[in-house]
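J.: build the 3D model from these lines:
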Amino acid sequence: MEDLQKEKFYDVLPIRNNVVFPGVMMPIAVSKENNLRLIRAAQKDERPILVLTQIDSSVIEPTESDLYPVGTFAKVIQLLPMPQMGENAHMAILEGLKRIEAVDFQINQNGCLTAQANYLKEKMPLKNDKQFNAMLTAIRDAILRIFSNQEDAPVDLQMTIRNMNSNPSLLNYVCAVYHMPTEMKEELLLIDSLMERAERMLAILEKDAEEQSIKADIRRRTHEAMDKQQREYFLQQEIETIKQDLGDTGAQTVKELREKAQSKKWSDAVAAVFEKELKRLEHMPTHSPDYSTQLSYLEVMLELPWDVFSEDNFDMMHAQDVLNRDHYGLDKVKERIVEYLAVQRQLALRSQKDKENNPVKSPILCLYGPPGVGKTSLGKSIAEALGRKYARVSLGGLHDEAEIRGHRRTYIGALPGRIIDAIKKCGTSNPVFVLDEVDKIGADYKGDPTSALLEVLDPEQNSTFHDNYLDVDYDLSHVLFIATANSLDSIPRPLLDRMELIEMTGYLQEEKEEIAKRHLIPKELANHGLKANQLKFKKEIIAHIIDDYTRESGVRSLERQIATICRKIDTKLALGEEYNVSVTLDDLRNYLGQARFSRDSWETNKYVGVVTGLAWTQVGGEILFIETSLSASKTPSLTLTGNLGDVMKESATLALGYVKAHAKELGIKPEVFEKTAVHIHVPEGAIPKDGPSAGITMTTALVSAFTRRMVKPRIAMTGEMTLRGKVLPIGGVKEKLLAAKRAGITDIILCEDNRKDVLEIADIYLKGLKLHYVHDISEVLKEALK
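T.: Next up is the predicted model:
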């Protein structure tokens, strides 16, 4: 390691909040890239550096004026990475060599600060100077006495000081490690005489030791002089004085809360809990961390609408008008709401007559069906029809039970559950409350939210719903809960048992046309600033949009397509271009592009073994073709293609079994089956198909193929059958009949038991269709085959 040279420039390492003394090894935190580069170079070349302390530790890039000129000539012992302190954090171990005064600062080519240094000589005491040695012993005793009164004093630091010899190194070590302002440490470094430095350090330690002793003595005498009653009185007086000095409004806050509580219509039990918690707040200092938590709790209690109810509108015609205005179809849901309103009306009339209060428990409805059919929006319409407030909570993706029941107030950041929070925002205890996506609730280690919902959605339990945050029972029995779901499969059975299930199937083609005409088109015209005379849609154009550009159960995609057309018209108006006010088919292709979807339609049947069937999907009814071909084969086999599900495969096997068993009756030679391979295909192959309604269709297709009898034109069928040939009823009748009608079918074969389903369908939908009701497969074959 080279010695100090006057004419040479040395790298300057600025440090903060610390001073390096000669003869002392000090750990210094380093994270700046240029400082790390400086230290690595100094360590590699074994050359010393100048360590200077910053005057202001907040300066990021210190210059000459930001540094104390007197520092230490030091060498780098080691550089250690400290990843736990930061990405680029390191700890440099430096050893102070000599005191120096830095002069003539310059910036080198690397952008680092450099300076020349003058060596500052220190006046050393004599080797066996008794006065200096006594001074060092007094310094050791003083600092150890201070550490002994500190609970958090480092043990290793005490051991090091206790084991050091009484020499100048002990003095500089104490100056470096003792906690005091940086300015005082710099003053100690400036002192040339070690004796004077020792006297100054001892004075600092004696002063701190005396202050510690006085504080300890005050605490001891105060503790001994005061008994419990005196201490409480003194502290109370002190708190009141501090409150007055700070202008504290705690007493005023308590007074205001108590006045608000007097107007609440809550029970005596709730009032007692509130008063108890209010007294706790009254005795809390306003600066306490618990004060704001307690105040928030009391404010939540006051904001809840205890026994505050919206007055129901019992005008039955008004309710029907609102529901019909906002939603087309959905007759079952509307009927159930009108029934509920009628019951409430009768109870209100009875209460007025008997002067008794007989509230009916609100039903728990669950609307389930595909997306976009109006489940959520129906809740708003129901609230308007009843004259109630509307609340909604989305439960999709919910995993934590505390989201329903609330957090206990022992947790930091505790809040009431979503149910209570929504009731608070509504301001009434009888809103229409929509629980959206109840089928998409999850469960993990935080609990099962569906279990918490069992209490919310049980009319026998929710009158005493317990929220963990509120910690008192709240009556939810007057709330009209409406849950929505896309599927019932993921909802636990106990939760399903508590709800009244109402299925909302996908809209029919004709219903979508009416919805577009009554709701979607006026809505989108208003959203895009268009008037009714600036854009018009004919009925056939709406039908084309539905058929060619959407494939859905609801009407969301239809609404988006209408919005697209409105945007195109807005653009043309802005550019001053001409356009057709009444949209044409050519306009549709220009605005929306080529048709994205196509529906099957009946085709002239020139082949045997081809039968038209009917299927139900979530987006409505569809027709499908069952195609059968026979080929000579030494090994008889049945091949099924078209991405069929297990149920349809079983239907095909059953159909072939029936045909074999009744071959003679059907005019088929039994030996034909031994040398024929049967292939049944259901286009389109890429679309999965399944369901229990293709039995009679497959049987008819097989009989047609084996007997070479063609199927009558424009006839379709749907129904399952047993191995004995009995035809069974199926579902989705309305959707299937409308699909057949759209495809140009005129005759439809159905099970006799489906007659009751047809009677519920309006005559306008059945116009142009001839229905054939059958009991047995023989009747099907008689009606279907030429």
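J.: so how far is residue 652 from residue 750?
T.: Residue 750 sits 21 Å away from residue 652, going by Cβ to Cβ, to the nearest Å. Where C-beta positions appear, they are placed from N, C-alpha and C, glycine not excepted.
J.: then residue 347?
T.: Here residue 347 is placed at a distance of 57 Å from residue 652 (Cβ to Cβ).
J.: neighbour count for these two, which is higher?
T.: Using other Cβ atoms under 10 Å as the criterion, residue 347 and residue 652 rank with residue 652 on top: 24 against 15.
J.: so that one makes contact with residue 642?
T.: No - contact between residue 652 and residue 642 fails when scored by Cβ atoms under 8 Å: they sit 10.2 Å apart.
J.: now the common contact residues for those two.
T.: Both residue 652 and residue 642 are contacted by residue 680, under the criterion Cβ atoms under 8 Å, 6 or more residues apart in numbering.
J.: pretty sure residue 615 is in a helix, no?
T.: No - the assignment for residue 615 is strand, going by DSSP: H, G, I helix; E, B strand; the rest coil, so no helix is present there.
J.: is it bridged to anything, and to what?
T.: Taking DSSP bridges as the rule, residue 615 bridges to residue 622.
J.: that one: neighbour count?
T.: By the measure other Cβ under 10 Å, the count of residues near residue 615 is 22.
J.: swap in residue 364?
T.: Residues near residue 364, counting by other Cβ under 10 Å, number 20.
J.: isn't it right up against residue 457?
T.: Yes - counting by Cβ under 8 Å, residue 457 is a contact partner of residue 364 at 4.8 Å.
J.: between the two, which contacts overlap?
T.: With Cβ under 8 Å, 6+ apart as the test, residue 364 and residue 457 both reach 481, 483, 498-499.
J.: filter those residues down to the ones in strands?
T.: In this view, the shared contacts of residue 364 and residue 457 that belong to strands under DSSP state E are 481, 483.
J.: mind putting the shared contacts of residue 364 and residue 457 in TSV, neighbour count included?
T.: Converted to TSV, the shared contacts of residue 364 and residue 457 look like this (neighbours: other Cβ atoms under 10 Å):
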residue	neighbour count
481	26
483	29
498	20
499	24
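J.: any chance of the shared contacts of residue 364 and residue 457 in TSV, plus pLDDT?
T.: As requested, the shared contacts of residue 364 and residue 457 are exported to TSV (pLDDT from 0 to 100):
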residue	pLDDT
481	90
483	91
498	86
499	87
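J.: which one among the shared contacts of residue 364 and residue 457 gets closest to residue 782?
T.: Relative to residue 782, the closest of the shared contacts of residue 364 and residue 457 is residue 499; by Cβ to Cβ it sits at 46.2 Å.
J.: would you mind measuring from the closest one to residue 363?
T.: Going from residue 499 to residue 363 by Cβ to Cβ gives 9 Å.
J.: same thing with residue 411?
T.: Residue 411 is 35 Å from residue 363, by Cβ to Cβ.
J.: who has more neighbours, those two?
T.: Neighbour totals were compared for residue 411 and residue 363, and residue 363 leads with 16 against 11 (other Cβ under 10 Å).
J.: is it true that that one touches residue 480?
T.: Yes - contact criterion Cβ under 8 Å: residue 363 and residue 480 qualify, at 7.2 Å.
J.: need the overlap of contacts for the two.
T.: Residues touching both residue 363 and residue 480 (Cβ under 8 Å, 6+ apart): residue 340.
J.: for the stretch 351-500 of the chain, what spans make up the helices?
T.: Using DSSP state H, counting those that start in this stretch, the helices of the stretch 351-500 of the chain run over 375-386, 402-405, 418-426, 449-456, 493-497.
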